[in-house]
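1. Build me a structure from this.
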Amino acid sequence: MIEIVEADLNLPAHADAMVQLMDEYALDPMGSGKGLSDYVKANLTAELAKRKAAHVILAFVDAEPAGLVVCLEGFSTFACQPLLNIHDVFVALPYRRRGLSQLLLQKAEEIAFDLGCCKLTLEVLEGNHVAQSAYKVCGFSGYELNPQMGKALFWEKKLVQMTDEEKNFSSRLI
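-> As a prediction, this is how the structure comes out:
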């Protein structure tokens, strides 16, 4: 039996399933290829639970954690409406090719409609052709405002936070 639920991260079964699946995702070649740190395992669900704009969707197959989607609310300035960004999508290896990603994405779309969102967004690795195919089946396509300018690219800049000691030291230098 397949069950798709919006997680309540205050429930130990949901929190444990989320951490287990995120760790499997992190180990996957389409993740970082290495597991979650002990810090992330210990704090991820509590930190997400603090954020009303975070939505975690879990898939269970015969009561076993099988997949997840993590969504974060955003805002479209061009539409002046909320949007829902699908940040993580993962289906555990034994449960792939059963349509779970489509069911998880359908649930994300239901949540987006309930929130009054104008669109769903997500990012996908260029080499992840399996995920791209699944997303296309669900109606996703590359984002572009003007075809002459091309499709949008997803970039990042990693930030390193200073410790309190480093902040105090640098403030004394000024």
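
2. Going by C-alpha atoms from here, please, whenever you check contacts or count neighbours.
-> Fine.

3. Using PDB, write out the CA atom coordinates for stretch 123-130.
-> In PDB, the C-alpha atoms belonging to stretch 123-130 read as follows (Å, rounded to 0.1, in the frame of the first residue of the first chain):
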ATOM      1  CA  GLU A 123      16.100  22.700 -10.000                       C
ATOM      2  CA  VAL A 124      17.500  19.600 -11.600                       C
ATOM      3  CA  LEU A 125      21.100  18.600 -12.500                       C
ATOM      4  CA  GLU A 126      21.900  18.600 -16.200                       C
ATOM      5  CA  GLY A 127      23.000  15.000 -16.100                       C
ATOM      6  CA  ASN A 128      19.900  13.700 -14.200                       C
ATOM      7  CA  HIS A 129      17.900  12.700 -17.300                       C
ATOM      8  CA  VAL A 130      15.700  10.300 -15.300                       C
END
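
4. Mind naming the longest strand for the chain?
-> strand 64-76 (DSSP state E).

5. State the distance from Lys52 to Glu123.
-> Applying CA to CA, to the nearest Å, the value for Lys52 to Glu123 is 22 Å.

6. Okay, now the unreliable bits of this structure?
-> 166-174 (pLDDT under 70).

7. Could you count how many residues lie near Met92?
-> I think there's a mix-up here, since residue 92 is Ala and not Met. Using other CA atoms under 10 Å, Ala92 has 18 other residues around it.

8. In space, what's closest to Gly67 - neighbours in sequence excluded?
-> Val91 (4.1 Å; CA to CA, 6 or more residues apart in numbering).

9. Please save the CA atoms from stretch 19-33 in CSV.
-> Output in CSV follows, covering the C-alpha atoms of stretch 19-33 (Å, rounded to 0.1, in the frame of the first residue of the first chain):
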residue,chain,number,x,y,z
VAL,A,19,16.2,12.0,8.1
GLN,A,20,16.6,8.5,6.8
LEU,A,21,15.5,9.4,3.3
MET,A,22,17.5,12.6,3.2
ASP,A,23,20.6,10.7,4.3
GLU,A,24,20.0,8.1,1.5
TYR,A,25,19.5,11.1,-1.0
ALA,A,26,22.8,12.6,0.2
LEU,A,27,24.6,9.3,-0.4
ASP,A,28,23.1,9.0,-3.9
PRO,A,29,25.2,10.1,-6.9
MET,A,30,22.5,12.7,-7.6
GLY,A,31,23.0,14.0,-4.0
SER,A,32,26.4,14.9,-2.7
GLY,A,33,27.7,11.3,-2.7
